[in-house]
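Undergrad: Provided below are the primary sequence and the corresponding predicted coordinates.
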Amino acid sequence: MENKPHAFLAGLFTIGLLAAIVVTIFFFSADRTVRVPYDLVAHTSVTGLYPDAAVRYRGLDVGKVQSIEFDPQHPGLIRIRILVDQRAPITHSTYGTLALQGVTGIAFVQLDDTGADEASLPSSESSVAQLPLRPGLFDQLQARGDALLSKLDRIAGDIDATLSDENRQQMMATVTSLQHAADSVNALATQLEPTATRLPGAVSALQRSLDSTNRLIANVNNPNGPFVANLNKAGTAAQQAGDALTSMNASLGALSAQLGYDTLPHVDSLTEDVRSAMRSVNHAADTFSDNPRSVLFGGAQQPAPGPGEPGFVWPARAAAGSR
């Protein structure tokens, strides 16, 4: 008798626990988000889109697809009713596109905004706002399929023309030339290897030369260095030579003045005396030549005075006096 009440209570407890679990799951899994209806008007195919498909705004889940049906007032149009979270920023410039989830082929609605009109677009059950559904990537590829196929056909023709026998021979000749050039480069590298081996030593020698040059320049620029001292000595010697030259010029000037004012007048006087002596000698020689007896017997006839001598008279004036 006691086992039956215990079994009843255990069963009742189990049923209550299951009910509590169901209520908890329902409470936490219930969707309490307030959604606003919008209609997407599609002019193209909506392949892969089904009811309850996800609606995302720039990658964020904001709702789901409620229904997909034809527009009774506009044949050929498809009206997609979506429920969007009221907190989603739906504006007058918002539009939708279809995107695929990986490689499954299942599509979802991708909402985006151009930013041209940032005014909020209101919608309600009684007045559902409409959003344009723009062609997706695959729709654009389908629309441009003919042009793409034509371009691919031209590209295939160009590739076929490029890979002709003549072009292949030219390409093989080019590859052979490049191989020869590579072999020449390898041979040149082999020849330059000894030079490259000696290059570090040359660089070291050049570095030592640069260091020596830097030390020389430092010594030249040092005001207390030997170079500046030698230049100072040379300048002093040049200055002394200039002073000696100045003294020499002064001595030569004094000597020249002495010769001009003292010696030259005496030389002129001596020259005049020599000239007078020479005239006397010439006169005695002429007298001896004209009258040698005058040397022995004397009485030599005095010659007539010449011009400039005392008693000289011009012949014309003498003739006038005789008349």
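TA: Arrived safely, thanks for sending. Numbering: from 1, shown residues only.

Undergrad: Can you list the helices and strands that the helix or strand hosting Gln191 packs against?
TA: Using DSSP states H and E, Gln191 maps to helix 165-221. If you count contacts as 3 or more CB pairs under 8 Å, 6 or more residues apart in numbering; DSSP states H and E, helix 165-221 packs onto helix 226-258. Bear in mind the C-beta positions are built from the backbone N, C-alpha and C, glycine included.

Undergrad: and the helix it packs on, average pLDDT?
TA: The average pLDDT within helix 226-258 is 71.

Undergrad: ok, now stretch 89-98?
TA: Stretch 89-98 comes out at a mean pLDDT of 90.

Undergrad: List the contacts of that stretch.
TA: 36, 38, 40, 46, 48-49, 57, 82, 84, 107-121, 123, 129, 131-136, 139 (CB atoms under 8 Å, 6 or more residues apart in numbering).

Undergrad: where's Leu108 relative to Ile68, distance?
TA: Leu isn't right for residue 108; it's Phe. Distance from Phe108 to Ile68, counting by CB to CB, to the nearest Å: 13 Å.

Undergrad: so what sits against both of these two?
TA: Leu49.

Undergrad: What segments of the chain are helices?
TA: Along the chain, counting by DSSP state H, helices occupy 3-29, 137-143, 145-162, 165-221, 226-258, 264-290, 294-297, 315-322.

Undergrad: just checking, which of the contacts of stretch 89-98 belong to strands?
TA: Members of those lying in strands (criterion: DSSP state E): 36, 38, 40, 57, 82, 84, 107-113, 129, 131-133.

Undergrad: Give me the buried subset of these.
TA: 36, 38, 40, 57, 82, 84, 107-111, 113, 131, 133 (16 or more other CB atoms under 10 Å).

Undergrad: can the residues you listed go into TSV with extra columns for distance to Asp211 and pLDDT?
TA: Converted to TSV, those look like this (distance: CB to CB, whole Å; pLDDT from 0 to 100):
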residue	distance to Asp211	pLDDT
Val36	84	90
Tyr38	83	93
Leu40	82	90
Tyr57	72	92
Ile82	82	92
Val84	80	91
Ala107	77	87
Phe108	75	90
Val109	77	91
Gln110	72	90
Leu111	74	92
Asp113	71	90
Leu131	80	90
Leu133	80	88
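
Undergrad: I'd like those laid out as TSV, including distance to Glu193.
TA: Converted to TSV, these look like this (distance: CB to CB, whole Å):
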residue	distance to Glu193
Val36	80
Tyr38	77
Leu40	74
Tyr57	67
Ile82	75
Val84	75
Ala107	66
Phe108	66
Val109	69
Gln110	64
Leu111	68
Asp113	67
Leu131	74
Leu133	71
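
Undergrad: from those, which two are the most distant?
TA: Spatially, the most separated pair among those is Val36 and Ala107, at 21.8 Å (CB to CB).

Undergrad: Grab the nearest non-local neighbour of Ala119.
TA: Closest residue to Ala119 apart from its sequence neighbours, by CB to CB, 6 or more residues apart in numbering: His92 at 5.3 Å.

Undergrad: and that neighbour, how many residues sit next to it?
TA: His92 has 14 neighbouring residues, counting by other CB atoms under 10 Å.

Undergrad: Ok, Gly48 next?
TA: Gly48: 17 neighbours (other CB under 10 Å).

Undergrad: Which residues are in contact with Asn221?
TA: Taking CB under 8 Å, 6+ apart, one finds nothing in contact with Asn221.

Undergrad: tell me the pLDDT at it?
TA: pLDDT at Asn221 comes out at 72.

Undergrad: Any figure for the gap between it and Arg208?
TA: 20 Å.

Undergrad: right, and Val36 touches Leu83 too?
TA: Yes. Shown here, Val36 and Leu83 form a contact pair, counting by CB atoms under 8 Å, at 7.1 Å.

Undergrad: Sketch out the low-pLDDT regions of the stretch 1-150 of the chain for me.
TA: Applying pLDDT under 70 to the stretch 1-150 of the chain flags the ranges 1-4, 27-32, 138-143, 145.

Undergrad: What separation do you get for the residue nearest to Ala119 and Val65?
TA: For His92, the distance to Val65 - CB to CB - is 22 Å.

Undergrad: for Glu272, same thing?
TA: 151 Å.

Undergrad: The lengthiest strand in the chain: partners in the sheet, and parallel or antiparallel?
TA: Secondary structure of the chain per DSSP E: the longest strand is strand 60-70. As defined by DSSP bridges, the strand partners of strand 60-70 come to strand 54-57 (antiparallel), strand 78-85 (antiparallel).

Undergrad: thinking in terms of the whole chain, how far from its middle is stretch 92-107?
TA: 49 Å (CA atoms, centre = their mean, to the nearest Å).

Undergrad: Enumerate the positions of that stretch that are buried.
TA: Neighbour count says stretch 92-107 has 93-94, 96-100, 107 buried, by 16+ other CB under 10 Å.

Undergrad: Since that was my last question, I'll sign off now.
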